[in-house]
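**Q** turn this into a structure:
(one chain, ligands or ions: 2)
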Amino acid sequence: MEVQSGQMVRERISGARSADTETPPSPAILAVTPLGGVGEVGKNFTLVEFGGKTLIIDCGLRFPNVAEHPGIDLIIPDFSYLLSVKDGVQGLLLTHGHEDHIGALAFLLREMPLNVYGTRYTLALAKGRVQEMGLSDRVRWNEIAPGGRLSLGPFALRFFSVCHSVCDGIGVAVGTPLGTIVHSGDFKFDADPVDGRRLDRETLRQLGEEGVLALLSDSTNVERPGWTPGERSVRPALERALATAKGRVFLTSFASHVHRFQQVLEAAQATGRVVCALGRSMEGNMRLARELGYLKVPDGILVDLATLQRLPPNRGVVVSTGSQGEPRSGLARLADGSHTDMKVCPGDLLVYAARAIPGNERTIGALINNFYRRGAEVITEREELVHVSGHGSREDGREMLRLLKPRYFLPAHGELRHPATHRRLAYEEGMPQERVFLLESGQRWAFDGQRAAADLFVSAGEVLVDGLAMDETDSLVLRDRQHLREDGIVICSVGLSSRDGEVLQGPHLLAKGLMAPDLESLLEAAGAQVHAVLSEQAAYGRAPDWDQARDMCTTTLKRFFKKKLQARPVIVPAVLEI
Ligand SMILES: [Zn+2]
Ligand SMILES: [Zn+2]
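**A** Ligands and ions are numbered 1, 2, ... in the order given. Have a look, this model is predicted:
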């Protein structure tokens, strides 16, 4: 078991085809290639290529499922294709500050320096991780504004504001000599947004009139009928919760959901409570949003922990991250009673103002159960309207199509079922089948001025990152972790004579986490087999080959446990020289 730091692990996305090409499209072809984010939720990363030049849109990460990738903290896109065309890269545009759009930026900067474009809040969030990793000298930040325009090589960009669950989100129209590509970003239409900043319907209408060649549009929620409710619609339920809770109110949502916290602050003011941000990331985000003017804090409402503790419980609200059950978050520690500064008490209330990212449901279930166990009540969106999505539903998607009237449609952002549902919506809107492309990560959509096709794949794997070490982890380590979890570990220590390899000590076997009906006698039998194999070698009377001896221990034990238990514990041979 060896961690080889600095080595990247590339794993093909299941279901994706292997690469047909690693060469860039011919300069006369306009190509759009999502290298992540379609057919999966997360790691959005799209290339637009024309005339030998490349524009990157977003560079996000995906949070792994613990069962699939034990011990892995992040999954980032495979940059190998991009690096092969890096001389033509004109810049990277970030549509908004969610991790699935900015989270892999620092990793890309390690590979190449970049000009990065984004709105003020998006850049503020993106800078955090880049500074943490000491990569600030690899990037030039360029602030853009919704409504603004920018030329980058052959690409004429025009930005439009969208509504989403983070401030300052945009979509972009990329004008090229062969036509305009529109990337919606993550969006919903919100008639009365908390910050008054609506989705820029007028620009979309103009673009539609001028003619849109292709539209990439957010598919996340198109399975839901109707329109996604506006962010303000959660306000009454929040206020009711704060008004009626007997004790403290704990509220969790994503740290970047400034509009949600704006409403919590206002609801607190209306109900005579004060608010405290728990944990470093929540405090940091609140401070940032306040400094940049995105969060308006009523006087005296935001307090520190010590102040909150001095007040009666029914005067306090605690906002916290950890809505996905992240084990190290303050919320998880409150739930299991291990938080050093605060306890959940009977009469308290947890307002779960978020939705589970698929794969996290069980962890979140446990978190909620633990709040109940401590005597608290819990409200989720199932009981009360305390959460609305930032992604548009079917009618939002339809409106986007109607405004832009694209010639080609490339539904994006979501597991395959989501773009597939979005495709049906486009058919409903009268788009002919041959103009709708259901792409997967790595699939290149190409337009030559006449016709479009999407029959080539470039490599689009994923890279697993062990975020604690900030080093990429070897696939062997992953396999070991899987085996450790399932069958535990067996350590075999044996002492051999350095003269002729005779077994002088042991073998002694120690097992942890291995399930067997009569473990002790099983280990004895295993040890006897190792002894027999090593003794056979010793019979040659030569000084032992230590590597070979270790291999023999491992192979013998692997076979033994496979045969007896159908198990694959991790084998650690410790061969001592005597
Ligand atoms: Zn988003
Ligand atoms: Zn997203």
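**Q** the spatially most central residue of the chain and ligand 1, how far apart?
**A** Nearest residue to the geometric centre of the chain (C-alpha atoms, centre = their mean): R62, 2.6 Å. Distance of R62 to ligand 1, computed by C-beta to the ion, to the nearest Å: 13 Å. Any C-beta I mention is one placed from the backbone N, CA and C, and that applies to glycine too.
**Q** how close does that residue sit to F107?
**A** 12 Å (C-beta to C-beta, to the nearest Å).
**Q** could you pull out the residues contacting both of these two?
**A** Common neighbours of R62 and F107, counting by C-beta atoms under 8 Å, 6 or more residues apart in numbering, are I76.
**Q** which helices and strands does the lengthiest strand in the chain pack with?
**A** Determined from DSSP state E, the single longest strand within the chain is strand 503-512. Contacts defined by 3 or more C-beta pairs under 8 Å, 6 or more residues apart in numbering; DSSP states H and E place strand 503-512 against strand 489-496, helix 519-538.
**Q** to ligand 1, which of those lies closest?
**A** Closest to ligand 1 of the helices and strands packed on strand 503-512 is strand 489-496 (C-beta to the ion; 40.5 Å).
**Q** by how many degrees do that closest one and strand 503-512 diverge?
**A** Here the directions of strand 489-496 and strand 503-512 differ by 170 degrees (axes from the mean of the first three to the mean of the last three C-alpha atoms, to 10 degrees).
**Q** strand 489-496 vs helix 519-538, what angle?
**A** Using the same axes, to 10 degrees: strand 489-496 against helix 519-538 is 40 degrees.
**Q** for strand 489-496, list every residue counted as buried.
**A** 489-490, 492-496 (16 or more other C-beta atoms under 10 Å).
**Q** and which of the residues you listed is nearest T554?
**A** C492 (8.2 Å; C-beta to C-beta).
**Q** what's across from that closest one in the sheet?
**A** L509, P573 (DSSP bridges).
**Q** what is the burial count for the nearest residue to I368 once chain neighbours are set aside?
**A** Nearest residue to I368, sequence neighbours excluded (C-beta to C-beta, 6 or more residues apart in numbering): V378, at 5.3 Å. For V378, the neighbour count with other C-beta atoms under 10 Å is 17.
**Q** cool, and R499?
**A** Neighbours of R499 using other C-beta under 10 Å come to 12.
**Q** burial measure for the closest residue to ligand 2 within the stretch 151-300 of the chain, as a count.
**A** Residue nearest to ligand 2 within the stretch 151-300 of the chain (C-beta to the ion): D186, separated by 4.3 Å. D186 sits with 27 neighbouring residues when counted by other C-beta under 10 Å.
**Q** how is it assigned, secondary-structure-wise?
**A** In three-state terms, and counting by DSSP: H, G, I helix; E, B strand; the rest coil, D186 is coil.
**Q** quick check: it touching T95?
**A** Yes - D186 is in contact with T95 according to C-beta atoms under 8 Å; the separation is 7.0 Å.
**Q** so F560 sits against A526, correct?
**A** Yes - between F560 and A526 a contact is recorded at 4.9 Å, counting by C-beta under 8 Å.
**Q** quick revisit: how near is the residue nearest to I368 to ligand 2?
**A** In terms of C-beta to the ion, V378 sits 27 Å off from ligand 2.
**Q** contacting residues around that residue?
**A** So V378 contacts 349-350, 352, 368, 371-372 (C-beta under 8 Å, 6+ apart).
**Q** most neighbours, which of those residues?
**A** Result: L350 is most packed of the contacts of V378 (other C-beta under 10 Å), 29 neighbours.
**Q** what residues are bridge-paired with it?
**A** L350 has these beta-bridge partners by DSSP bridges: F250, V378.
**Q** dihedrals phi and psi, the residue lying closest to G148 once chain neighbours are set aside?
**A** Sequence neighbours aside, F159 is the residue nearest to G148 in space, at 5.3 Å (criterion: C-beta to C-beta, 6+ apart). For F159, the backbone dihedrals are phi -100, psi 140 (criterion: degrees, to the nearest 10).
**Q** isn't F159 right up against E143?
**A** No - between F159 and E143 there is no contact under C-beta under 8 Å: 11.2 Å.
**Q** so what sits against both of those two?
**A** T119.
**Q** more neighbours: which of those two?
**A** Between F159 and E143, counted using other C-beta under 10 Å, F159 has the larger neighbour count: 24 against 13.
**Q** show me what contacts that one?
**A** F159 neighbours (C-beta under 8 Å, 6+ apart): 119, 144-150, 170-173.
**Q** please apply the same query to L401.
**A** L401 touches 215, 217, 409, 425-426, 429, 431, counting by C-beta under 8 Å, 6+ apart.
**Q** what sits up against stretch 189-206?
**A** For stretch 189-206, the external contacting residues (C-beta under 8 Å, 6+ apart) are 146-147, 158, 160-163, 167, 173, 187-188, 227-228, 230-232, 259, 262-263, 294, 392, 396, 399-400, 403-404.
**Q** please disregard the earlier target; I meant stretch 357-367.
**A** Everything outside stretch 357-367 that qualifies as a contact, by C-beta under 8 Å, 6+ apart, is 41, 63, 65-66, 322-325, 327, 331-332, 335, 352, 356, 415.
**Q** can you name the two of those residues that sit furthest apart?
**A** Longest span within those, C-beta to C-beta: A335 and E415, 28.7 Å.
**Q** of these two, who's got more company?
**A** A335 (25 against 15).
**Q** now the phi/psi pair for the more buried one, please.
**A** Dihedral angles (degrees, to the nearest 10) for A335: phi -60, psi -40.
**Q** in terms of pLDDT, where does it sit?
**A** A335 is assigned a pLDDT of 95 by the prediction.
**Q** that one and ligand 2, how far apart?
**A** Taken as C-beta to the ion, the span from A335 to ligand 2 is 27 Å.
**Q** nearest residue to that residue other than its sequence neighbours?
**A** Once flanking residues are discounted, A335 sits nearest to N370: 3.8 Å by C-beta to C-beta, 6+ apart.
**Q** check contacts around the one you found.
**A** 335-337.
**Q** circling back: so what sits opposite the residue nearest to G148 in the bridge?
**A** Under the criterion used (DSSP bridges), F159 bridges to V172.
**Q** before we move on, what about the one 4 residues further on?
**A** With DSSP bridges applied, C163 shows beta-bridge pairing to K188.
**Q** show me the contacts for it.
**A** With C-beta under 8 Å, 6+ apart, C163 has these contacts: 169, 187-190, 193, 197-199, 231, 390.
**Q** what are the ranges of the strands in the stretch 301-450 of the chain?
**A** All strands of the stretch 301-450 of the chain, identified by DSSP state E, counting those that start in this stretch, fall at 316-320, 349-352, 377-379, 408-412, 443-447.
**Q** any low-confidence regions in this protein?
**A** 1-18, 66-67, 70-71, 466-482 (pLDDT under 70).
**Q** what's around the nearest residue to E486 once chain neighbours are set aside, how many residues?
**A** Among residues not flanking E486 along the chain, R568 sits closest, at 7.2 Å (C-beta to C-beta, 6+ apart). For R568, the count of nearby residues is 16 (other C-beta under 10 Å).
**Q** and R568, how far from D336?
**A** Counting by C-beta to C-beta, the gap from R568 to D336 is 32 Å.
**Q** repeat for A353
**A** 21 Å.
**Q** so these two - more neighbours on which side?
**A** Taking neighbours as other C-beta under 10 Å, A353 and D336 compare with A353 leading, 27 against 15.
**Q** wait, that one touches R235, no?
**A** No - taking C-beta under 8 Å as the definition, A353 is not a contact partner of R235, at 11.3 Å.
**Q** just give the nearest non-adjacent residue to E377, would you?
**A** L349 (4.9 Å).
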